[in-house]
Each structure stands twice: as C-alpha cells, then as structure tokens.
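In: my questions are about this predicted structure, shown below with the sequence.
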Amino acid sequence: MTSSSDPQQIAPKAEFVVVANRLAVERTTADDGSSGWQTSPGGLVTALVPIMQAKDGAWVGWHGAPDEELEPFHHDGIDMVPVALSEAEVAEYYEGMSNATFWPLYHDSVAFPEFHREWWDAYVAVNRRFAEAAAEVAEAGGTVWVQDYQLQLVPKLLRELRPDLRIGFFLHIPFPPSELFQQLPWRRAVLEGVAGADLVGFQVPGAATNFLNLLRRRLGWETHRHEFVRPDGSRGRASAYPISIDTAGFEALANSPEVEARAAQIREDLGAETIFLGVDRLDYTKGLRHRIRAFGELFTSGELDPEKVVFVQVATPSRERVDEYRRLRDDIELLVGRINGDLGQFGRPPVNYLHQSFPRDEMAALYRASDVMVVTPLRDGMNLVAKEYVACRGGNDGALVLSEFAGAARELKQAWQVNPYDIDGMKATILEAGRASAREQGRRMRALRKQVSTHDINRWAETFLADLDAV
Ligand code: ADQ
C-alpha cells in the first residue's frame, strides 16, 4: 500500500498515540528513483492501523535512517511522527543497550548481556526524545500506548511531562525472573520507568508476577494482586495480554487458490514425502543450534530417511551488525553444511536452508505445504510463527512441535511440547509428531485452531485498550 505523504495534512493533536522504536512504515524506492512510504507488514501494525484511522491516531517512531531529521507526515490515515537517531545512538541505544543488554538479559541470559554505561546514557537520552515527541503530539486527556523493551523509560518520563494522559505499556519479550533482572545496574530506573504506565501488559502471567514482585521487593512499593501503588499514592496495574495474529487474514490467504497452487508447487519442488519446517529470525533465542543438531542426528541415524524427508529451515536475516548474530549465522551455516555434505544426494540436501525474507503469501504457502512445524525457542515472549502455522491449516491436518519456553505454549496446549535443551527428548517428539495418525493430528489441530481463531490480534488490542480505559 504505497500512498502519497503530505506534510501539510498533519493534525496538531492526536487522541490515540502509539510509540514504538520503529514507525509503522518502510521506505520504498520507485523505478524512477523517487522514494515514498509503505505500511510495514506485521500483526501489530495490522491491528492498530484501523484503530488509529478511526481515532485520529499518531504513530511516533524512528524511520530507519540514521542522521536524518524528517518532518511529520500523513500516511494511510495516520500521522507519522519520525524521531531522529544519530549513527552513534543507533549503535549505543539500539544495537547496544536494547539488543545486546536487555534482549539477552530478558531471554534467560541465553547469551551474555553486556553492561556499558555509555550505552545506558544513550538509552536514557533517546527514551527522553521519544517521550517528548509523544507529549508534543497527544491531545489533552488522550491515550498513549508505548511498545516494548527499547522504550522502558518512556512511561514515567511521559507521565511527568503530561500527567493528563492515559499511558499503556506492552512488553513483547519475556520479563525475566528477579534473580536475573537484579544484575542490571540500572534496575531501579527501569522498574520506575515501566511503572509510570497506568497499565503494563506482558505476554504471560508469570512475567507480570515477576514485575510486581520486583516493585515490592526492590522498590518497596505496595502491591495488591495486579495493582501497584507508586510513592505519590497513584496506582497502576500489571497483567498478561497474550498477543496474537490476524487469524482471519492468514486463513483467507492460505485458502486462496494462488497460495494453494504455490503450496503444491513447493511440495513438488522439494520432492519429499514429509516436510518438516522451521521459520525463525536468525536469533540465538530461537534454539536453532539445538534444533538443527536434533535433525542432523535423526538423519544420520536413519530415523529420518533423507530420501523421503526434508527439513526446511527459513532463517530470517536479523541484527546483522551485532557480533553475536554474525557468530550465530556462521555456526548455523557450518552445522547445515556438514549435514548436507555428509548425507545429501545430488539435488537433495536433507536440510533446505534459506537465509531470506518472504512476502506473507509465500509464508502462508510454506506453512500450508509443510507436514510438521518445529518451533523450539530456548525462550520466546510469545512466538507468532506457531500461531500462523495453525491459522493456515484449514484442513485440520499438520502437526506443531512447540517449545515449553515460548509464551505461546500456555495457549497452544495441544501442540507436541518439548524442552528444547533436551535434544534426545526433542528428537523423540519430532518423530512422534511426524508419525502421528491423521486422527490424532486432526484432534490436536482442531483444538489449536479454535484457540487461535477465538484469540486474534484484534481481541488482544481491544482487551488491552478497554482495560487501559478502565484503570
Ligand atoms: P519475533 O522474535 O520476531 O517477535 P515471532 O513472534 O515469531 O518472533 O514473529 C516473527 C514474525 O516475522 C512472524 O510474523 C513471521 O511470519 C515473520 N517472519 C519470520 N520469518 C520471516 C521470513 N523469512 N519472511 C517473512 N516474514 C517472516 C517478538 C518476540 C516474540 C513475540 C513477537 C510479538 O520475540 O516473542 O511473539 O515479538 O509480540
């Protein structure tokens, strides 16, 4: 959806403001070299765009190019308010503090979190800039919804600047147990920052409990069930709001004749009787090393026959400027190369590895083409890939193998659940899911589909915003 952008059309004040690290648009370049904007793909934007169009919405976020100042512009019925970041801030606030400190710390420290005071200083400065931009654009008594770990200080800063606003915060990633969180040198500022929101949303109830316990123990605040009391006597709430997907959209896409034809073509191209599939951002939290090792052993032992079975692993390029991610890519490609080198035949690698991004219809075709989806993160806030696979299985066939440590495991109980650290256990469950009868797969898939169709992204956004309204 490319549309023209007009800086003149900006409404001065918005009743509903979303603040996120990235704007809801991406730059496009036309054949003649002129540039424009298109709405970013993805569930969050899909869910919030209609709400924002109905409510005079504004979206505050970075537009993706360092060292570039842009004026606000109008796109697709929404006011876009770009926040500028310098090259150094991208390195320190985004790649550093957000992705090399908070990201690993909040994911069970599966990689070592780095603590650097200059990264923290950049994080504080950038969070202040986002808070000021939101304060500027929100109408009196309006609602502001702050998204994710890059902006944990914004709720408190915004509350100080604009006490009239209703402020929500949602954390898309896990919130760690207090033993890990306490390592953070700036733990107090982060807790106070998040608790500036009237409503704090997490993916799972345990995360809300961890947060409330820390407010009580670390800050000495009073808490009652989901409620917390700030030192000035004002109150906020923390609770779980498991995020979901545009279920109806995925279903319709997967049932379209084009996607069905593409799925059939993928099956033909792969030429295997059984297709196992993994789809993840290339991230060390996603359990890729363990999963590929498990498949390697299954192929080597002959429990999976490379003549009949293929494992397709899509690893989406991600954070390629961060060292840890470069190392991970090298490791994964070494592992895949070994398996294919040892066991492959001409034109038939047992692991079909793709380091690429695909459009949504190609993803739907891949989900539709695959017999077993294997989602085994070491830790994941939710995991939308698992829900997307389920949404695309209109025939109630197919099997989902899912890590216990994904937020989605709480809702998707009928999946074949695994501990991704237990490679033998994972191997046994992968085989079991692949060999299950059509009846058993259908029984499980029907229950999974019911959950995902009754709990979609619209319900998530509506529930959060209704509760925020009621606080
Ligand atoms: P992510 O860590 O990015 O999200 P996930 O929830 O699986 O993980 O979402 C990935 C999204 O990217 C899915 O919608 C998927 O379809 C898409 N995607 C993946 N690979 C792709 C490819 N090669 N081409 C095109 N699209 C691709 C973070 C948290 C999660 C949480 C979400 C939402 O880490 O735990 O579920 O936010 O809150």
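Out: Sure, I can see it. Small disclaimer: the values here were computed from a predicted structure and weren't measured.
In: helices along the stretch 351-471 of the chain, start to end?
Out: 360-369, 384-391, 423-435, 438-454, 457-470 (DSSP state H, counting those that start in this stretch).
In: and the ones you listed as a markdown table, adding mean pLDDT, distance to residue 317 and mean neighbour count?
Out: Bear in mind the C-beta positions are built from the backbone N, C-alpha and C, glycine included. Output for the helices of the stretch 351-471 of the chain, formatted as a markdown table (pLDDT from 0 to 100; distance: least, Cβ to Cβ, whole Å; neighbours: other Cβ atoms under 10 Å):
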| stretch | mean pLDDT | distance to residue 317 | mean neighbour count |
| --- | --- | --- | --- |
| helix 360-369 | 97 | 15 | 22 |
| helix 384-391 | 98 | 16 | 28 |
| helix 423-435 | 98 | 25 | 18 |
| helix 438-454 | 98 | 27 | 16 |
| helix 457-470 | 96 | 24 | 16 |
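In: out of those, which is closest to residue 56?
Out: helix 457-470 (14.7 Å; Cβ to Cβ).
In: which elements pack onto the closest one?
Out: helix 43-54, strand 138-147, strand 166-170, strand 199-202 (3 or more Cβ pairs under 8 Å, 6 or more residues apart in numbering; DSSP states H and E).
In: that helix: how far from the chain's middle?
Out: Mean-position distance between helix 457-470 and its chain equals 18 Å (Cα atoms, centre = their mean, to the nearest Å).
In: what does stretch 160-174 give?
Out: That offset, for stretch 160-174, works out to 19 Å (Cα atoms, centre = their mean).
In: do the same with stretch 24-32
Out: Centre to centre, stretch against its chain (Cα atoms, centre = their mean), the figure for stretch 24-32 is 23 Å.
In: avg pLDDT for that stretch?
Out: For stretch 24-32, the per-residue pLDDT values average out at 90.
In: please name the residues that touch the residue of the stretch 151-300 of the chain found nearest the ligand.
Out: For the stretch 151-300 of the chain, the residue closest to the ligand is residue 172, as judged by Cβ to the nearest ligand atom, at 3.5 Å. Counting by Cβ atoms under 8 Å, 6 or more residues apart in numbering, residue 172 touches 147, 148, 149, 203, 243, 381, 382.
In: quick check: phi and psi at the last one.
Out: When read as degrees, to the nearest 10, the backbone of residue 382 gives phi -130, psi -70.
In: so what's the backbone phi/psi at the closest residue to residue 273 other than its chain neighbours?
Out: Nearest non-adjacent residue to residue 273, counting by Cβ to Cβ, 6 or more residues apart in numbering: residue 308, 4.4 Å away. Phi and psi for residue 308, reported as degrees, to the nearest 10, are phi -120, psi -20.
In: now do residue 308 against residue 332, distance only.
Out: 24 Å (Cβ to Cβ, to the nearest Å).
In: of these two, who's got more company?
Out: residue 332 (20 against 10; other Cβ atoms under 10 Å).
In: and the more buried one, what element?
Out: helix 323-343 (DSSP states H and E).
In: can you report how many residues neighbour residue 149?
Out: Neighbour tally, residue 149, other Cβ under 10 Å: 22.
In: for it, give me its contacts.
Out: Residue 149 makes contact with 98, 102, 103, 106, 171, 172, 173, according to Cβ under 8 Å, 6+ apart.
In: from memory the fifth one sits against residue 204, does it?
Out: No. Taking contacts as Cβ atoms under 8 Å, residue 171 lies outside contact range of residue 204: 10.5 Å.
In: more neighbours: these two, which one.
Out: Remark: of residue 171 and residue 204, residue 171 carries more neighbours, 24 against 21, as counted by other Cβ under 10 Å.
In: which bits of the protein sit near the ligand?
Out: Within the chain, the positions near the ligand by Cβ under 6 Å from any ligand atom are 172-173, 243, 279, 281, 314, 316, 356-358, 363, 380-385, 388.
In: assumed the residue of the stretch 151-300 of the chain closest to the ligand was part of a helix.
Out: No. Under DSSP: H, G, I helix; E, B strand; the rest coil, residue 172 sits outside any helix and is assigned coil.
In: okay, the nearest residue to residue 286 once chain neighbours are set aside: pLDDT?
Out: Distances taken as Cβ to Cβ, 6+ apart place residue 280 nearest to residue 286, at 3.9 Å, with adjacent residues excluded. Note for residue 280: predicted pLDDT of 96.
In: may I ask which helix or strand encompasses residue 280?
Out: Residue 280 is part of strand 274-281 when elements are defined by DSSP H and E.
In: partner strands of that strand, with direction?
Out: strand 309-316 (parallel), strand 372-375 (parallel) (DSSP bridges).
In: now do the longest one against helix 384-391, angle only.
Out: The reference is to strand 309-316. 130 degrees (axes from the mean of the first three to the mean of the last three Cα atoms, to 10 degrees).
In: so what angle separates the directions of strand 309-316 and helix 423-435?
Out: 110 degrees.
In: got the CA coordinates for strand 309-316 in PDB?
Out: Only the C-alpha atoms of strand 309-316 are listed here, as PDB (Å, rounded to 0.1, in the frame of the first residue of the first chain):
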ATOM      1  CA  VAL A 309      12.200 -36.400   4.400                       C
ATOM      2  CA  VAL A 310      13.300 -32.800   4.100                       C
ATOM      3  CA  PHE A 311      13.800 -30.300   6.900                       C
ATOM      4  CA  VAL A 312      13.300 -26.700   5.600                       C
ATOM      5  CA  GLN A 313      14.800 -24.100   7.800                       C
ATOM      6  CA  VAL A 314      14.000 -20.400   7.000                       C
ATOM      7  CA  ALA A 315      16.300 -18.200   9.000                       C
ATOM      8  CA  THR A 316      15.300 -14.600   8.500                       C
END
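In: report the distance from it to the chain centre.
Out: 20 Å.
In: before we move on, what about the last one?
Out: For strand 372-375, the distance from its own C-alpha centre to the chain's C-alpha centre is 17 Å (Cα atoms, centre = their mean).
In: contacts for it next, please.
Out: Under Cβ under 8 Å, 6+ apart, the answer for strand 372-375 is 274-280, 291, 311, 367, 383, 385-386, 389, 398-403, 406, 408, 430, 433-434.
In: ok, now the longest one?
Out: The set of residues external to strand 309-316 that reach it, using Cβ under 8 Å, 6+ apart, is 270, 272-282, 288, 291-292, 295, 299, 304, 329, 332, 336, 348-358, 366, 370, 374, 434.
In: just stretch 75-84 next, same as before
Out: Contacts of stretch 75-84 (Cβ under 8 Å, 6+ apart): 1, 3, 5, 10-11, 14, 23-25, 37, 39, 49, 52-53, 57-63, 67-74, 126, 129-130, 133, 137.
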